[in-house]
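Undergrad: how would this look folded up:
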Amino acid sequence: MMKYIIEKDNEGVRLDRYLRKKLSDVPLTEIFKALRIGKIKVNNKKKKENYRLVEGDKIFIGIGNLQEEEEKVFLKLSDEEKRFLVKNIVFENDDLIVFNKEKDVVMHKGSGFDYGISEMFKSYYETDDFNFINRIDKKTSGLVIGAKNKISTRVLAEELRENNIRKKYYILVHGNIKKNIFTIENYLKKIEDKVVVTSKDDQEGKVAVTHFKVIDRYEKYTLLEGELLTGRTHQLRVQLSDMGNPIVGDTRYGIKDGEKNLYLNSFYCEIPKYNVKIENDLPEFFKNKLKK
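TA: Here you go, the predicted model:
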């Protein structure tokens, strides 16, 4: 006897479609026959193949030769890794998390890393449905948004595309910027592993818009707040470098300043659709840098 409990993601799905997905190796005629004679029941009652599933429904399958799909094997997390995840969750509900990523932590596997925090959270929640809907570079720190199910992934991705999610960054740049408030709007395109500024007439170029505000000025640096209105790859790094004020520690688009840290931190996240608003203080490594 096999048993499935319907989660919110599958609410409204036809029973036969759900069974075809779960029992992919079983002929459809056999599934229909099992429904007809009561070998497959929902909440201990016979249901027709066009029954629409409801969250919490319990499906019982009692056909001896039906094989349950291969169980997903997740990454095995250590207790220390679990504590690391929990410690850095700054908001959580049934649909999403907001996670405060530390600098030098990767979000996804690849580039020499067997796994990142995305794979860790899939294991932590024991579901492949977990997805981060935005991402930041390894050296960038701060808030990222994780969707815990397929529905919230779709909703949050749409909110992101429609620019309904507000994101702000702390940015420390070289030089002294005189304007207190300014906006950079230009066109960016990717060439191999780098992003460059291009013209409006370039068909490969995508518009990039950021609002900036000066927080404080120092002898050699300016501390900025940047709010993204678009979410292009390396947008802040390329725009500020092109302006002549590269981010401190940016080895790709900046200057060789001997810094190991990238002074770029996602500190503010607002998701009106889910009534979420998170704002973090200036990170300690920023404060330590500015004390010198």
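Undergrad: who's in contact with the top helix by length along the chain?
TA: In the chain, with assignment by DSSP state H, the single longest helix is helix 150-161. Under the criterion CB atoms under 8 Å, 6 or more residues apart in numbering, residues 8-9, 95-96, 129, 131, 133-134, 145, 147, 165, 231, 271, 273 lie in contact with helix 150-161. Just so you know, the C-beta spots here come from the backbone N, C-alpha and C atoms, and that holds for glycine as well.
Undergrad: which one of the residues you listed is nearest F113?
TA: F113 has its nearest neighbour among the contacts of helix 150-161 in N131, at 17.8 Å by CB to CB.
Undergrad: can you count the residues close to that closest one?
TA: If you count neighbours by other CB atoms under 10 Å, N131 ends up with 19.
Undergrad: which phi and psi does it have?
TA: Here is the backbone geometry of N131 (degrees, to the nearest 10): phi -150, psi 140.
Undergrad: again with the one 10 residues further on
TA: Reported as degrees, to the nearest 10, the phi and psi values for S141 are phi -110, psi 160.
Undergrad: which residues touch it?
TA: Contacts for S141 were tallied using CB under 8 Å, 6+ apart; they are 100-103, 262, 264-266, 283.
Undergrad: can we see that at 7 Å?
TA: Contact analysis of S141 by CB atoms under 7 Å, 6 or more residues apart in numbering lists 101-103, 265, 283.
Undergrad: hmm, Y18 is touching G12, no?
TA: No - using CB atoms under 7 Å, Y18 is not in contact with G12; the gap is 10.4 Å.
Undergrad: need the overlap of contacts for these two.
TA: Joint contacts of Y18 and G12 (CB under 7 Å, 6+ apart) are L53.
Undergrad: can you say which two of the contacts of helix 150-161 are spatially most distant?
TA: Among the contacts of helix 150-161, the pair separated by the greatest distance (CB to CB) is K8 and G231, at 27.4 Å.
Undergrad: just for the stretch 51-200 of the chain, where's the confidence low?
TA: For the stretch 51-200 of the chain, the stretches with pLDDT under 70 are 63-72.
Undergrad: could you rerun that using 80?
TA: Applying pLDDT under 80 to the stretch 51-200 of the chain flags residues 62-73, 111.
Undergrad: where exactly do the strands run in it?
TA: Per DSSP state E, counting those that start in this stretch, the stretch 51-200 of the chain carries strands over the ranges 58-61, 89-92, 96-101, 131-132, 141-147, 166-174, 181-191, 194-198.
Undergrad: which strands and helices sit next to the last one?
TA: Secondary-structure packing of strand 194-198 (3 or more CB pairs under 7 Å, 6 or more residues apart in numbering; DSSP states H and E): strand 181-191, helix 235-243.
Undergrad: please repeat the previous calculation with a cut-off of 10 Å.
TA: Packing partners of strand 194-198 (3 or more CB pairs under 10 Å, 6 or more residues apart in numbering; DSSP states H and E): strand 181-191, strand 206-217, helix 235-243.
Undergrad: what's the angle from it to strand 181-191?
TA: Strand 194-198 and strand 181-191 are oriented at 120 degrees to each other (axes from the mean of the first three to the mean of the last three CA atoms, to 10 degrees).
Undergrad: show me how far strand 194-198 is from its chain's centre.
TA: Once both centres are worked out by CA atoms, centre = their mean, to the nearest Å, strand 194-198 turns out to sit 24 Å from its chain's centre.
Undergrad: for the first one, same thing?
TA: Centroid separation for strand 58-61 versus its chain: 33 Å, with CA atoms, centre = their mean.
Undergrad: and the third one, by the same measure?
TA: Its chain's average C-alpha position is 8 Å from that of strand 96-101, according to CA atoms, centre = their mean.
Undergrad: one step back: buried subset of the contacts of S141?
TA: 101, 103, 265, 283 (16 or more other CB atoms under 10 Å).
Undergrad: follow-up on the earlier one: Throw the strands of the stretch 51-200 of the chain into JSON lines and include distance to L240, thanks.
TA: Shown next, in JSON lines, are the strands of the stretch 51-200 of the chain (distance: least, CB to CB, whole Å):
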{"stretch": "strand 58-61", "distance to L240": "54"}
{"stretch": "strand 89-92", "distance to L240": "26"}
{"stretch": "strand 96-101", "distance to L240": "21"}
{"stretch": "strand 131-132", "distance to L240": "24"}
{"stretch": "strand 141-147", "distance to L240": "16"}
{"stretch": "strand 166-174", "distance to L240": "6"}
{"stretch": "strand 181-191", "distance to L240": "8"}
{"stretch": "strand 194-198", "distance to L240": "11"}
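Undergrad: most tightly surrounded among these?
TA: Counting by mean count of other CB atoms under 10 Å, strand 141-147 has the highest mean neighbour count of the strands of the stretch 51-200 of the chain, with a mean of 24.
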